[in-house]
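Trainee: Predicted structure and sequence below. I'll ask about it afterward.
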Amino acid sequence: FIGRSATNADALAGVGSAAALLTFSFYLFNFLCTVTTPLVSQKRSSGDASGAVEIGGQALSLAIILGTTLSGVLIAFSQPLLEIMGTGNTGVDANGYATTFLTLRAIAAPAVFLISASTGILRGYLDTKSAFVILFGANVVNFLLDVILITVMDMGPKG
């Protein structure tokens, strides 16, 4: 939406740099889902239901801790990190858009990690349908909010 609704190239340049940094940062913690699934399923297959719940709780706790830590790091070190991503070459306006976008999206890191760990837990319980429905619903809400906030309310990258 930013590429189609932006009135100048600075918004797109800033969002592009910040989005690349966020994508890289979030992929580093993809193990939350990948590791949780077999750990939960192993406990369940051995008949240890309480162990599966315990693993799930540990995964969710770790998701909150890592997500909060990543949020803090991304916000505290936003300028040096964005400089590495190239916003120093794009100008002050693009850097402003990048900083705003990065800050707003970094706040969501704990929720993103909780969703990742929850997906791993649900997969460990052989419930891929619930994870799909939840993620599909979240993407529909995200799309609708993008349309409303970015295009209708003209909030640009903040939307």
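Mentor: Cool, got the structure.

Trainee: Now for Phe136, how many residues are close by?
Mentor: Other residues within reach of Phe136, judged by other CB atoms under 10 Å, total 10. C-beta coordinates here come from the backbone N, C-alpha and C atoms, glycine included.

Trainee: mind checking the SS state of it?
Mentor: helix (DSSP: H, G, I helix; E, B strand; the rest coil).

Trainee: Quick check, pLDDT for it.
Mentor: Per-residue pLDDT puts Phe136 at 94.

Trainee: Ignoring the adjacent residues along the chain, who's closest to Thr128?
Mentor: Distances taken as CB to CB, 6 or more residues apart in numbering put Leu122 closest to Thr128, at 6.9 Å, once the chain neighbours are dropped.

Trainee: wait, what's in contact with the one you found?
Mentor: Contact analysis of Leu122 by CB atoms under 8 Å, 6 or more residues apart in numbering lists 128, 130-131.

Trainee: buried stuff in the host helix or strand of Phe113?
Mentor: Using DSSP states H and E, Phe113 maps to helix 109-124. Of all the residues in helix 109-124, those buried under the rule 16 or more other CB atoms under 10 Å are 109-110, 112-124.

Trainee: With adjacent residues omitted, what lies nearest to Ile107?
Mentor: Excluding its sequence neighbours, the residue lying closest to Ile107 (CB to CB, 6+ apart) is Ser71, at 5.9 Å.

Trainee: Next, the angle helix 109-124 makes with the helix or strand where the one you found lies.
Mentor: Here Ser71, judged by DSSP H and E, is contained in helix 49-76. With axes from the mean of the first three to the mean of the last three CA atoms, to 10 degrees defining the directions, helix 49-76 sits at 150 degrees from helix 109-124.

Trainee: any idea how far the closest residue to Val35 other than its chain neighbours is from Pro110?
Mentor: Closest residue in space to Val35, ignoring its immediate chain neighbours: Gly120 at 7.1 Å, by CB to CB, 6+ apart. Relative to Pro110, Gly120 is positioned 16 Å away (CB to CB, to the nearest Å).

Trainee: Val133 too?
Mentor: From Val133 to Pro110 the distance is 22 Å (CB to CB).

Trainee: What is the neighbour count of Phe24?
Mentor: 11.

Trainee: Same check on Val147?
Mentor: With other CB under 10 Å as criterion, Val147 counts 14.
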